[in-house]
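J.: here is a sequence with its predicted model. Questions after.
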Amino acid sequence: MNRKISVTEVILCLLSVFFLIGSISIFNSCGPKEDGSFMLCHYANNVETGIAAVLSAISLIRIFLPDIKVKAGMAVSMIPVCVLGILIPGHLVPLCMMKEMRCHAVMAPAVTVCLVLVIAVSVIDLFVISRRVRK
Amino acid sequence: MRFERSLSISNLRRKPVRTAALVLLTAFLSFAVFGGSLLVCGLRNGLSSYRSRLGADIVVIPNSARSKGTLDSILLQGIPGYFYMDSSVLDKVREIEGVEAAAPQFYLASASAGCCSVAVQIIGFDPDSDFSIQPWIRENYSGDISDGDIIVGSNITVPANRILSFYNTDCHIAAQLASTGSGLDNAVYANMNTIRQMMSNAKELGFDYFDSVPENKAISSVMIKVMDGYDIDSVTNDINIHIRRVEATRSQNMISGIANGLSKVSSVIGVLIAFIWILAVGILMIAANMIFNERVKEFAILRVVGISQKKLCSLVSQESLIISLAGAAAGIGAAALAVFPFGTAIRHSLDLPYLMPDAVTVTVIMCAAVLLAVVSGQMTSRISISKITSQETGILLRDGA
Amino acid sequence: MRVIAQGISKDYFRQRRDSNVFTALFPTDMTVSEGEIAAVMGRSGSGKSTLLNILAGLLSPTAGKVTYDDADIFAMSDDERSVFRNKHIGVIPQVHTGLHSLNVRQNIMLPYDMYGEKCPDERIDELLEKLGLMTLADVYPDELSGGEMRRLSIARALVRRPDVILADEPTGDLDGDNTRIAMELLAQAAGNGACVLFVTHDDEAAAYAHKVYRMSQGRIE
């Protein structure tokens, strides 16, 4: 049992929450067409928002969990979720036709950057946890 | 060497705030150098690629083109547009003295394509006379461009069935072109018959773009290659004088506007990099001076225990090297995360051709950024080193007391 | 090993009204032999630390020379002198000296680690035990008191069993018991053949010396 909150888990939580807020605001998908219907990227964006919500929930809950091994398990679980998130725009869910459009130019790169950072911080957090366990 | 390395790592780890501040400052420096240089290189690359793709000495467009979106905005920014003139202009141009080759092009803006609400620029060319588009296509595609085939720019996503439909004309995507970093990447290229089919389908669907020019006789621009020995400006003037309702522009003039914009952006970035470098080195020097005063006693103890000046200098220099490398890695990583994924967004916001440099250039810039961080770090560590070597340990002990 | 100082003096250049030269140490001769304990006493500013730093090769004299047996310490290059100091001289400086990045045990091992040699664990344990630092072995200097830091300096100076021990107020921050322990350790080193010279204001410490020099205004009286 270790109740000490590490800097990495706070950063992880902040990144996940930033990803959640960003996916519905600063790096959301292209707007609706003139007839009001949505393009495919809108649905990719919806899935990303769902993933961001899951990551935020996991990272927030683990801050308050006392068991360091459970914390480690949750950090590990975040990594495949992030990989899924990176693969969604353009790979698992197609985006708009023009690569100049918002979903290609802003949404997809922002998602990749945010999730790569989440993976990197998760790995660092796991390293910090393993050192604490060894101590 | 092992002792110096392990002690320098312990020193850095035991003072995390000091180390983090120095790493952050170096990261800031590396971010500016790597990110800024990549941006400048991308812009230069974009301009040279755009210049080579334009491929003509003179471009002739109808006078009315000015009010319907210029050729510049079509070719550079990829904003779809259209304007038409009678194909008789082509014959008149060919009669002008000094014209070696003249090739027509056709511009058509799609109403909407596939999934998206945006229009796509469709550029048609005459395979028999074209000299500007086909050499570029040949770099990626060696087959024939038959009727109904299209070649798409690098910014267009190719659907799985390789079919795109424009004005009820289903077109097969034969190939995708390499990126130019300009609006040319947003266009779709087709031969004359395919585009005439699209034009006629468009007219049937009620789109009247053609300004009362019969669609089977409409062309949008004429690309001209001037014979060797003829002055391009004189040929341009001859066209403007002898052919009515058209405007001939030297393609060099179209590019000079971009080149001016590019040189402005480049110099702003250059000044910014220099300013950040001076600022960072200045702060690092002040920090090194303050840290030396804080560490005088530590250096004196090491001398008392028997470390030589040479070993002590190597310790200080290794600490600085570790900070520089960590800072450079962080700064370059952050810049890479900002510049590489957001290349399209950057191009869009700068409104200039922007083409990411190749891997070799990126590696060279990266090495230069690391080198600059290391050199800056070593320069500042010289402050501590010169103080250590210029003062006797007995004095350092007294000063550190 | 015998330490011989021949005519050593030290001038400092200072901007003053009457003269720009301040003489911290006037020409001095001194010999400390193997197994001998010598104490230097005197008021603050009398030149004791300057003398000790010159003998340790940490401060070059304005004139004169210092020899260890036949080796002139100031004729050596910096590299040679540093290695010589590491192998043969144990210096206990007046200031508190613990490297903040190393714990107590690592600080004591420093003379060995510096030149990639293995420090015998039993030697460290012996010094930690005798100087009452065993429970503090893993503690970093920031958490030590003045007395604990002084004992750390003593342990580090003695760990290599040096031929010469030069100590500047080795009992400065120590209580009676610890003063006794520290001085007994120095006496034990002298008993094993080391020559010991220490600067002190403490009569109890001076009582361990075979020879006491008194200094005043840069001169031995």
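T.: Yep, that arrived.
J.: all helices of the chain, in order?
T.: Because you didn't say which chain, this covers chain A. In chain A, the helices defined using DSSP state H lie at A:7-24, A:40-64, A:68-87, A:102, A:108-134.
J.: that's the wrong chain, I wanted chain C
T.: Counting by DSSP H, the helices of chain C are C:48-55, C:78-88, C:104-113, C:121-130, C:146-158, C:176-191, C:203-206.
J.: quick one: which of these is nearest A:V128?
T.: Between A:V128 and the helices of chain C, the tightest spacing by Cβ to Cβ is seen for helix C:104-113, at 23.3 Å. (Glycine included, C-beta is placed from N, CA and C.)
J.: please convert the helices of chain C to TSV, extending it with mean neighbour count, mean pLDDT and distance to chain A.
T.: Formatted as TSV, the helices of chain C follow (neighbours: other Cβ atoms under 10 Å in any protein chain shown; pLDDT from 0 to 100; distance: least, Cβ to the nearest Cβ, whole Å):
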stretch	mean neighbour count	mean pLDDT	distance to chain A
helix C:48-55	26	92	42
helix C:78-88	18	93	33
helix C:104-113	23	93	17
helix C:121-130	15	92	22
helix C:146-158	23	93	24
helix C:176-191	18	90	32
helix C:203-206	16	86	42
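J.: show me where chain B has strands.
T.: Using DSSP state E, the strands of chain B run over B:58-62, B:85-86, B:99-109, B:121-125, B:149-152, B:163-166, B:169-176, B:187-191, B:218-219, B:221-226, B:246-250.
J.: need the contact list for the residue found closest to C:E221 once you drop the neighbours it is linked to in the chain.
T.: Nearest residue to C:E221, sequence neighbours excluded (Cβ to Cβ, 6 or more residues apart in numbering or on different chains): C:R214, at 4.8 Å. Residues near C:R214 by Cβ atoms under 8 Å, 6 or more residues apart in numbering or on different chains: C:40-42, C:220-221.
J.: C:K87 touches C:V164, doesn't it?
T.: No: using Cβ atoms under 8 Å, C:K87 is not in contact with C:V164, being 10.5 Å away.
J.: which residues touch the helix or strand of chain A with the lowest mean pLDDT?
T.: Least confident helix or strand of chain A, by mean pLDDT, DSSP states H and E, is helix A:102 with a mean of 89. Residues outside helix A:102 that contact it (Cβ under 8 Å, 6+ apart) are A:29-31, A:41.
J.: cool, stretch B:264-284 as well?
T.: The list of residues contacting stretch B:264-284 from outside it, by Cβ under 8 Å, 6+ apart, reads B:22, B:25-26, B:28-29, B:32-33, B:36-37, B:39-40, B:43-44, B:350, B:352, B:372, B:376-377, B:379-380.
J.: filter the residues you listed to the buried ones?
T.: Burial by neighbour count, 16 or more other Cβ atoms under 10 Å in any protein chain shown: within those this picks out B:22, B:25-26, B:28-29, B:32-33, B:36-37, B:39-40, B:43-44, B:350, B:352, B:372, B:376-377, B:380.
J.: that older thread, who wins for proximity to chain A among the strands of chain B?
T.: strand B:163-166 (7.9 Å; Cβ to the nearest Cβ).
J.: now for the contacts of helix A:102: which two are most distant?
T.: Largest separation among the contacts of helix A:102 by Cβ to Cβ: A:G31 and A:C41, giving 10.0 Å.
J.: please say which of the two ends up with more neighbours.
T.: Neighbours were counted for A:G31 and for A:C41 using other Cβ atoms under 10 Å in any protein chain shown; A:C41 has more, 25 against 10.
J.: quick one: the residue in chain A sticking out farthest from the centre and chain C, what's the gap?
T.: Among residues of chain A, the one most distant from the C-alpha centroid is A:D35; the distance is 31.7 Å, by Cα atoms, centre = their mean. From A:D35 across to chain C, the span is 68 Å (Cβ to the nearest Cβ, to the nearest Å).
J.: state the pLDDT value of that residue.
T.: Per-residue confidence (pLDDT) for A:D35: 74.
J.: quick one: least confident helix or strand in chain B?
T.: Each helix and strand of chain B was given a mean pLDDT (mean pLDDT, DSSP H and E); the minimum falls on helix B:71-72 at a mean of 68.
J.: for chain B, what's its nearest residue on chain A.
T.: For chain A, Cβ to the nearest Cβ, closest residue to chain B: A:P109, 3.1 Å.
J.: list the contacts of the closest residue to that residue other than its chain neighbours.
T.: Sequence neighbours aside, B:P341 is the residue nearest to A:P109 in space, at 3.1 Å (criterion: Cβ to Cβ, 6+ apart). Each residue near B:P341 by Cβ under 8 Å, 6+ apart is listed here: A:108-110, A:112-113.
J.: likewise for B:E97?
T.: So B:E97 contacts B:230, B:235, B:238 (Cβ under 8 Å, 6+ apart).
J.: check B:L337 too.
T.: Contacts for B:L337 were tallied using Cβ under 8 Å, 6+ apart; they are A:113, A:116-117.
J.: low-scoring stretches of chain A, by residue?
T.: Residues of chain A meeting the criterion pLDDT under 70: A:1-3.
J.: near chain C, which residues of it? Just list them.
T.: Residues of chain A found near chain C (Cβ under 8 Å from any Cβ of the partner chain): none.
J.: residue in chain A with the shortest distance to chain C?
T.: As assessed by Cβ to the nearest Cβ, chain C sits closest to A:K135 within chain A, at 12.0 Å.
J.: burial count for that residue?
T.: Counted by other Cβ under 10 Å, the residues lying close to A:K135 total 6.
J.: now C:D138
T.: By other Cβ under 10 Å, the burial measure for C:D138, its neighbour count, is 9.
J.: now swap in the one 5 residues further on and tell me
T.: Other residues near C:E143 number 10, with proximity taken as other Cβ under 10 Å.
J.: ok, now C:P120?
T.: When counting by other Cβ under 10 Å, one arrives at 12 neighbours for C:P120.
J.: I'm done for today, thanks for sticking with me.
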